[in-house]
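Novice: dropping a prediction and its sequence here:
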Amino acid sequence: MKQHVLTIAIIILMAAGVKAQSSRFSIGAGYQRTWIVDAQASPLKYQTSEKSFLLRYLHEGKKGKLDAALTGSFGDFFPTGFQNRIWYNPGYNANGTPKKDSNLLVGQFYNARLNIGYAKAVSAGHFLSKDATTRTYAGASLNNQLFYSDNIVRAGWLNAATVNADLSHSISYRAKHSLLVKLSIPLFGVNSRLPYHNTISSPRPEADIKTFFKKGSRFASLVNFQNLQLSASYEYAVSKKLALGLNYSGQWLRYQHEKPITLFQNNIGVMASFK
Amino acid sequence: MKHKYLIFIMLIAFASCQKTLLEPVIENTPVNNFEEMWKGYNQWYGGFEVRNINWDSLYRVYRSQVHNDMSHAQLYTVFCKLITPLNDIHAFLQPTSNGLPRYESNEFFRTHKVQQDFSIDVVKQHYLPSMVTIDANLHYGVLNGNVGYIHFGEFGMPFSFYRQKMEAIMEELKNTKAMIVDIRNHAGGDDEVSQYIAGLFASEKKLFMTVRKRNGSDRNEFTPPQNWYVEKQGSYQYTKPVVLLTTQWTASAGETFTWAMNTQPHVTHLGNTTAGGFTDVISRELPNGWLYFVGVGDYRNANGQSEEGKGVAPKIMAVNTPAEIAAGTDNVLQKAIDLVH
């Protein structure tokens, strides 16, 4: 059912962009840091050091724009102040003496986000000067964001499938420089977390991921899920076909269930756009 | 140009306010560590009622022994005393600094340390030289007299691993006249695997356990009970005589497997009583980075009875002594072989 809704939404969004005049494809890479306090898993604050990538398709017209982006990241995941924790082998040798070997207690964090949205131009182009114009867009997007860790306490597990309200503002200067700032806020959706007991098991033969979504999903709205997603990008047109740029994205979220999780994330990267 | 500066300032402000926007974390002090550990068990442990634990009383006894100028080792000692009454294979403390060892609240595991009543090497060397080793925890073969033998040391691999391997193993052992399923050093794993493998031996669908797990901060707050059934799995089911071997080291998912196997009329349970710890377990952390482990469930057998802390008693009691194993003799296995002949 979810897939049908998504397909229909994409068709509507693409139809809205038929009158578009230009489109471009961007790729990017960057560095990301995420901080998480997940009371369901741990009293400790966790942090990451992640590599990230970005794939983006942008279709712009006179009246609006279609924007689809896939971002992903992965990297080390550890409690702040405890990066070098040691896991001592709890076993014993055959003669009853404790084993002496140990290794570092490490984890990995994975984050993926898919966003597809359409925004309508609400200001038709305003001249700041004879060389610079601005434009403001308002729209909506379908957003799915997955946070997953393989660390020992399962901190930070969350999937948020939401409908977002988007507001963006662009400034272009002499057709060479462009700056885009975007704010996105989820209005409602379905959030999935581990159940209160933080384990997955099911008496029916099914994949753990299916059990996770079946047992841990609930309706989310601004009342119990607050999420602010902010991004900014600057691009310099090297030629008519190619632009190079820098981008920043950050987000803060807070979700109440089962125990509160708060997350803050900063990402900075470079990108290349092809027209 | 004012636009640009304003946007730039907003971005810098947003990007640098991580500490302000996250929940405050608990300061790492001995008192806070104690409070956090007590609270962690209080909010997630599923065994207070069935193990008859007065957790409030333990707080009163040990909280007064904790103060903020005590050493790591002193705090460790108090923690060990706090969880000792749980006597639970799923309740243990794992420090991650200062070289302090894991502390098992379970008396049997803590005092015995190393299993001496079973050795897979003895089985291989003296009873089944043609034993096939899939990995360290999965072996099989055919004993003298055309008796099949499968050994499981855990159910910790992905479900697909067992589905793939067991189909082939069961096909190979299909024409044996009886089977010995050996879980005498089974350390646990996933209950879904217990259910699946028991299904390979199922002649009929049977309820084998009900599971409730903690579902809130109140100690009596659990999920509704979920019924777990064993039913036919695989391309065929082995319904000839089966002997299931257990010891006091057979734990967790090894015990839910024992429950599931014991529902089938052609299975005879032989060996020693199991460890008595059935539930799923989670790890939690303290402000000092140490880990502690908490069993979150209330698991009941098909009759609705909890065997936490008691274990599953076999139909026929048989135990190897350490001296017998050291001498290369496995009398329990021999008894199982005699039973099916």
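Specialist: Good, I have the coordinates.

Novice: the lengthiest strand in chain B packs against which elements?
Specialist: Taking DSSP state E as the criterion, chain B has its longest strand at strand B:206-213. With contacts defined as 3 or more CB pairs under 8 Å, 6 or more residues apart in numbering or on different chains; DSSP states H and E, the packing partners of strand B:206-213 are helix B:191-199, strand B:226-230, helix B:253-262, strand B:297-301. Glycine gets a C-beta too; all of them are placed from N, C-alpha and C.

Novice: which residues does it contact?
Specialist: Here strand B:206-213 makes contact (CB atoms under 8 Å, 6 or more residues apart in numbering or on different chains) with A:195-197, A:199, A:201, A:203, B:46, B:191, B:195, B:198, B:222-231, B:256, B:259-260, B:262-264, B:278-280, B:296-302, B:304.

Novice: that one pairs with which strands, parallel or anti?
Specialist: Looking at strand B:206-213 with DSSP bridges, its partner strands are strand B:226-230 (antiparallel), strand B:297-301 (antiparallel).

Novice: what average pLDDT does that strand get?
Specialist: Strand B:206-213 comes out with an average pLDDT of 98.

Novice: and the strands paired with strand B:206-213, which is most packed in?
Specialist: Mean neighbour count (mean count of other CB atoms under 10 Å in any protein chain shown) peaks for strand B:297-301 among those, with a mean of 22.

Novice: what is whichever helix or strand comes after that strand packed up against?
Specialist: Counting by DSSP states H and E, the next helix or strand C-terminal to strand B:297-301 is strand B:316-317. Under the contact definition 3+ CB pairs under 8 Å, 6+ apart, strand B:316-317 sits against strand B:267-271.

Novice: any idea which element A:Gln40 lies in?
Specialist: Assessed by DSSP H and E, A:Gln40 sits outside every helix and strand.

Novice: next, count neighbours for the nearest residue to it once chain neighbours are set aside.
Specialist: Nearest residue to A:Gln40, sequence neighbours excluded (CB to CB, 6 or more residues apart in numbering or on different chains): A:Lys259, at 3.9 Å. Neighbour count of A:Lys259, defined by other CB atoms under 10 Å in any protein chain shown: 15.

Novice: A:Lys259: what's it in contact with?
Specialist: Taking CB under 8 Å, 6+ apart, one finds A:Asp38, A:Ala39, A:Gln40, A:Tyr196 in contact with A:Lys259.

Novice: mind putting those into CSV with neighbour count?
Specialist: Listed next are the contacts of A:Lys259 as CSV, based on neighbours: other CB atoms under 10 Å in any protein chain shown:
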residue, neighbour count
A:Asp38, 28
A:Ala39, 14
A:Gln40, 24
A:Tyr196, 22
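
Novice: of the residues you listed, closest to A:Leu58?
Specialist: Distances from A:Leu58 to these, taken as CB to CB, are shortest for A:Asp38 (33.8 Å).

Novice: got phi/psi on that closest one?
Specialist: Torsion angles at A:Asp38 (phi, psi; degrees, to the nearest 10) stand at phi -120, psi 100.

Novice: A:Phe194 in helix, strand or coil?
Specialist: I think there's a mix-up here, since residue A:194 is Leu and not Phe. Of the three states, A:Leu194 takes coil under DSSP: H, G, I helix; E, B strand; the rest coil.
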